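[1] quick one, fold the following:
(one chain, ligands or ions: 1)
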Amino acid sequence: MTTMDTIVSLCKRRGFVFQSSEIYGGIASCWDYGPLGVELKNNVKRVWWRDNVTLRADMVGLDAAILMHPAVWKASGHLDHFTDPMVDCKACRRRFRADTLDEQPWTHYCPATKGNKFEVAAGEPCRHCGARRTLCPECGKGELTAPRQFNLMFKTFMGPVEEDATVTYLRPETAQGIFVNFDNVLQAMRLKLPFGVAQIGKAFRNEITPGNFIFRTHEFEQMEIEFFVNPADTLDGRPADEVWHERWIEERFAWYPRYGIRREHLRLREHEKEELAHYAKRTADIEYKFPIGWSELEGIANRTDFDLKQHARASGKALTYFDEERKTHVVPYVIEPSAGADRSVLAFLVDAYREEEVRGEKRVVLRFHPDLAPIKIAVLPLLKKRPEIVATARELRARLARRWMSVYDDTAAIGRLYRRQDEVGTPYCVTVDVQTVGDAEKGEAGDRKVTIRERDSMEQIRVPIEELSGVFGEMFDGAAWRTVAGRYPPAKG
Ligand code: ATP
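    Predicted coordinates:
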């Protein structure tokens, strides 16, 4: 199993993710996406948008502001209920979420073994004295305070005066921007139920225990859908909201394997009755087998008509839909698939990571789906001392870059260059060599053919330069390597 340390170190070394403000010693749980990370994350967001908005006739998009009227958070319930129970250790002052304490291993000075120190597994009693954790899980010595409710919203002030009247919040979820715009979107786009509104944007939570790299941070990006359904409708004799909830669970569960996540690393977890948010009729989480264990990647909730009703009540504006067939106004139910862009990036990275042995040497490869790979094509000169080779390679990169993220690299020997591209998941390398350009001094013409090398099979074919665009167009449109490679002769590797 790939460890988090392996991924964190690869991310730093190869420019995916850096610690924020690192030269000042860093700031806890804030991360910056580097040159390859920003490409990867943009690609994750792009395919999500394409599949959930562009390709669907029943979806539209929105990009609401992060700062909203503070009344939004009162009506949505966030001011009163968006809290986690927090406890402090009286000795070491560390802080924990009270509801997850039993999920953490704990340090124990066992009286039955003259005070020897043990690490005891999460939720287990001590093997020697049978004690259960009552003290701080970290230092094992301090008593914990009684739980206090801690609101996770970041508070700030709008304008130059820091007073109560100017308090506002950084949004803790993108969803509310969709609910308060329900009528605007409905009227502007003349939509008919069922329809959905999608949004990608930053959200902020003052998490008590952030950590595990980009899994849980204070600032993160969500990819959310609010899919509105007429609660009076039925489908196959069942309430339409329940059927649409199932459809969205299936659709979202199938989405991750479509982009390379192994099916056995995903599972669905139903929320128990007691665990359900007060507004939810049913919630199912898609969980991924992260290096830290099975954890939530996306939640899919049936939020009923709670949010629209709350905002209608608080704002005094009707947030309803006119049901032409029944000649009545209804408040739609809403199905909410809510995914994290950063958690998805982490899952795609972890799942793509492979260590292989090739001719007695270790090869690290990120087997990204081509749509997600930060660099699509690397153009490499076999000899950087030959100006015609370099010029052809640079010119090729410029041409390919108009359609696909392409790079040129001549900073090492070819074997090394291939390994570097494998390690960042580049699906194809194009190599320009002596045969491509010929040798003017000897009066030999080049064949104007280049080598394409495929990342996973490491197979190489020889393709005329004029056919490169067509070949890549086909492959990035989904054609299998084997289908395309079968039409060209293998290159001498
Ligand atoms: P958790 O139980 O992990 O705190 P949650 O149930 O509070 O998550 P939701 O409110 O359902 O999370 O948010 C939807 C999605 O947003 C999550 O599935 C996750 O992918 C992402 N997300 C939530 N909080 C964070 C965070 N602090 N850092 C990164 N991503 C997050």
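
[2] from what I can see Phe96 touches Leu135, true?
    No - judged on CB atoms under 8 Å, Phe96 makes no contact with Leu135 at a distance of 11.6 Å. The C-beta positions use only the backbone N, C-alpha and C, and glycine is treated the same way.

[3] tell me the contacts of Met223?
    Going by CB atoms under 8 Å, 6 or more residues apart in numbering, Met223 touches 45, 48, 52, 198-200, 338-341, 344.

[4] so what sits against both of Phe96 and Leu135?
    With CB under 8 Å, 6+ apart, Phe96 and Leu135 have common neighbours 89, 144.

[5] so which residues of the stretch 301-450 of the chain form strands?
    321-323, 328-330, 333-340, 353-358, 361-366, 377-381, 406-408, 428-432, 438-439, 444-445, 449-454 (DSSP state E, counting those that start in this stretch).

[6] quick check: closest non-adjacent residue to Phe118.
    His108 (5.0 Å; CB to CB, 6 or more residues apart in numbering).

[7] show me the contacts for the residue of the stretch 301-450 of the chain found nearest the ligand.
    Relative to the ligand, the nearest point of the stretch 301-450 of the chain is Gly340 (2.3 Å; CB to the nearest ligand atom). Contacts for Gly340 (CB under 8 Å, 6+ apart) come out as 220-223, 297-298.

[8] contacts only, for the closest residue to Asp422 other than its chain neighbours.
    Nearest residue to Asp422, sequence neighbours excluded (CB to CB, 6+ apart): Val365, at 4.3 Å. Counting by CB under 8 Å, 6+ apart, Val365 touches 354, 356, 422-423, 425, 455-456.

[9] quickly find the element holding Tyr256.
    helix 240-258 (DSSP states H and E).

[10] pretty sure Leu319 contacts Phe182?
    Yes - Leu319 lies in contact with Phe182 (CB under 8 Å); the separation is 5.1 Å.

[11] how about low-confidence regions in this protein?
    493 (pLDDT under 70).

[12] again, 50 this time
    Residue ranges of the chain with pLDDT under 50: none are present.

[13] which non-adjacent residue is nearest the spatially most central residue of it?
    In the chain, the residue lying closest to the centroid (CA atoms, centre = their mean) is Ser344, at 2.3 Å. Leaving aside its chain neighbours, Ser344 sits nearest to Val44 (5.3 Å; criterion: CB to CB, 6+ apart).

[14] so that neighbour lies in a strand, does it not?
    No - applying DSSP: H, G, I helix; E, B strand; the rest coil, one finds Val44 to be helix, outside a strand.

[15] so it touches Leu346, yeah?
    No - the criterion here is CB under 8 Å, and Val44 misses it with Leu346 at 10.3 Å.

[16] the ligand contacts on the protein?
    173, 205, 207, 216-217, 220, 222, 296-299, 338-340, 342-343 (CB under 6 Å from any ligand atom).

[17] switch to 5 Å and redo it
    For the chain, the contact set with the ligand under CB under 5 Å from any ligand atom comprises 205, 207, 216-217, 220, 222, 296, 298-299, 338, 340, 343.

[18] and Gly237, how far is that from Val229?
    Separation of Gly237 from Val229 (CB to CB, to the nearest Å): 16 Å.

[19] looking at the two, which has the bigger crowd around it?
    Val229 (25 against 6; other CB atoms under 10 Å).

[20] and that one, what does it touch?
    193-194, 240-241, 244, 332-335.

[21] could you rerun that using 6 Å?
    The contact partners of Val229, taken as CB atoms under 6 Å, 6 or more residues apart in numbering, are 194, 240-241, 244, 333.

[22] now swap in Ile452 and tell me
    Ile452 touches 428, 430, 461, 463, counting by CB under 6 Å, 6+ apart.

[23] okay, and the last one sits in which element?
    According to DSSP H and E, Val463 maps onto strand 460-464.

[24] for Val463, list the residues it contacts.
    452, 471, 488 are the contacts of Val463 under CB under 6 Å, 6+ apart.

[25] go again with 8 Å.
    449-452, 471, 488.

[26] any chance you could map the helices in the stretch 351-493 of the chain?
    Secondary structure of the stretch 351-493 of the chain by DSSP state H, counting those that start in this stretch: the helices cover 387-401, 414-423, 434-437, 468-476, 481-485.

[27] which one of those is the most hemmed in?
    helix 434-437 (a mean of 20; mean count of other CB atoms under 10 Å).

[28] list the contacts for the residue in the stretch 51-200 of the chain that the ligand sits nearest to?
    Nearest to the ligand in the stretch 51-200 of the chain, going by CB to the nearest ligand atom, is Glu173, at a distance of 5.9 Å. Glu173 makes contacts with 203, 222, 224, 338, as judged by CB under 8 Å, 6+ apart.

[29] how about a cut-off of 10 Å?
    Taking CB atoms under 10 Å, 6 or more residues apart in numbering, we find Glu173 in contact with 76, 78, 82, 201, 203-205, 222, 224, 336, 338.

[30] out of these, what pair is the most spread apart?
    Of all pairs drawn from the contacts of Glu173, the greatest distance, 18.7 Å, lies between Phe204 and Glu336 (CB to CB).

[31] of those two, who's got more company?
    Using other CB under 10 Å, the more surrounded residue of Phe204 and Glu336 is Glu336, with 22 against 19.

[32] now the more buried one, nearest residue through space, not along the chain?
    Nearest one to Glu336, counting by CB to CB, 6+ apart, is Ala301 at 4.9 Å.

[33] tally up the residues packed near that neighbour, please.
    23.

[34] I figured it hits His245, correct?
    Yes - if you go by CB atoms under 10 Å, Ala301 and His245 touch, sitting 8.4 Å apart.

[35] which neighbours do these two share?
    281-284, 335-337.

[36] most neighbours, which of these?
    Greatest neighbour count in the shared contacts of Ala301 and His245, by other CB under 10 Å, goes to Ile335: 29 neighbours.

[37] and the residue lying closest to it once chain neighbours are set aside, what does it touch?
    Nearest in space to Ile335, with sequence neighbours left out and distances taken as CB to CB, 6+ apart, is Phe227 at 4.4 Å. With contact set as CB under 10 Å, 6+ apart, Phe227 has these partners: 52, 58-59, 193-198, 241, 244-245, 247-248, 300, 302, 332-337.

[38] list buried residues within these.
    52, 59, 193-198, 241, 244-245, 248, 300, 302, 332-337 (16 or more other CB atoms under 10 Å).
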